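Asker: just need the structure, nothing else, for what follows:
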Amino acid sequence: MSGTLYVISGPSGAGKSTIIHHVMKEIPDLGYSVSHTTRQPREKEVDGQDYHFVDKQTFQRMIREGDFLEWAEVYDDLYGTSLSGLHRRLDMNMDVILDVDVQGAGNVRRKFEDAVLIFLLPPSLEVLEKRLRNRATESESGFRNRTEKALLEIRESRDYDYIVFNDELRDGVKRVVSIILAERCRSRLLFPKAVEIFRIP
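Answerer: Numbers count the residues shown, from 1 in each chain. Next up, the predicted model:
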């Protein structure tokens, strides 16, 4: 048996990194796949913990060598999920959580049919815009681009297994934790254990 892959997606500013951080505190045995990216680190981001920050030449070499489960270009920067690190955790029967965009989530689902896709949303467009402005990393045109792309991404949430509104952090975390704990009780995962325990022929 191998672990389950949980994919967290959502528009920029939905709070994905914060939610994942708190979910992993609630579920300590949950693994996290650290993505590679060519973008510059934001304030307080740590290389190897939040992302593996690499240059474009290194990233493109990794693409050629087939190192990524999925990769995508987002706002002129490249993001990718390492295949080897992911397989290593899943083969240890560890559940793994990924932070990938809509395009990447589609690639994951094609390669891992049992992956659980969760789409994270802020409570309103106004809150999303406020979060993007508070980052203070956006030019006005960049801010508009992210806002427009957010609406296109939200359209794709219909293809996800779950949609979670991240209105209050504590509630958003509880919802994602509840999804993971419920998924762990699926009969396809626990029936073999029941057969073993009760010696069912």
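
Asker: wait, what's in contact with Tyr32?
Answerer: Tyr32 makes contact with Ile20, Met24, Val96, Ile97 under the criterion Cβ atoms under 8 Å, 6 or more residues apart in numbering. For glycine as for every other residue, the C-beta is placed from the backbone atoms N, C-alpha and C.

Asker: my error: substitute Arg109 in the last question.
Answerer: By Cβ under 8 Å, 6+ apart, the contact list for Arg109 reads Val7, Ala115, Leu117.

Asker: so the last one sits against Asn107, correct?
Answerer: Right, the one you point to is Leu117. No. Applying Cβ atoms under 8 Å as the test, Leu117 and Asn107 come out as separate, 11.6 Å apart.

Asker: now stretch 72-88: buried residues?
Answerer: Applying a neighbour-count criterion of 16 or more other Cβ atoms under 10 Å, one finds Ala72, Val74, Leu78, Tyr79, Gly80, Thr81, Ser82, Leu83, Gly85, Leu86 buried in stretch 72-88.

Asker: and the two most separated of the residues you listed?
Answerer: Spanning the widest gap among those are Val74 and Gly85, at 20.3 Å by Cβ to Cβ.

Asker: now do the strands in this protein.
Answerer: Listed from the start of the chain, the chain has strands (DSSP state E) covering 5-9, 31-32, 36-37, 52-53, 68-74, 77-82, 96-99, 116-121, 162-165.

Asker: which strands or helices does the worst-scoring helix or strand of the chain on mean pLDDT pack on?
Answerer: Between all helices and strands in the chain, the lowest mean by mean pLDDT, DSSP states H and E belongs to helix 125-135, at a mean of 84. Applying 3 or more Cβ pairs under 8 Å, 6 or more residues apart in numbering; DSSP states H and E, one finds that helix 125-135 makes contact with helix 140-155.

Asker: gap between the helix it packs on and the chain center?
Answerer: In terms of Cα atoms, centre = their mean, to the nearest Å, the centre of helix 140-155 is found 19 Å from the chain centre.

Asker: hmm, back to that, dump the buried residues of stretch 72-88 into JSON lines; add pLDDT as well.
Answerer: Output for the buried residues of stretch 72-88, formatted as JSON lines (pLDDT from 0 to 100):
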{"residue": "Ala72", "pLDDT": "89"}
{"residue": "Val74", "pLDDT": "84"}
{"residue": "Leu78", "pLDDT": "96"}
{"residue": "Tyr79", "pLDDT": "94"}
{"residue": "Gly80", "pLDDT": "95"}
{"residue": "Thr81", "pLDDT": "94"}
{"residue": "Ser82", "pLDDT": "92"}
{"residue": "Leu83", "pLDDT": "93"}
{"residue": "Gly85", "pLDDT": "85"}
{"residue": "Leu86", "pLDDT": "92"}
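
Asker: just the buried ones from the contacts of Arg109?
Answerer: Members of those classed as buried by 16+ other Cβ under 10 Å are Val7, Ala115, Leu117.

Asker: which one of the residues you listed is nearest to Val173?
Answerer: Distance to Val173 across the buried ones among the contacts of Arg109 (Cβ to Cβ) is lowest for Val7, with 16.8 Å.
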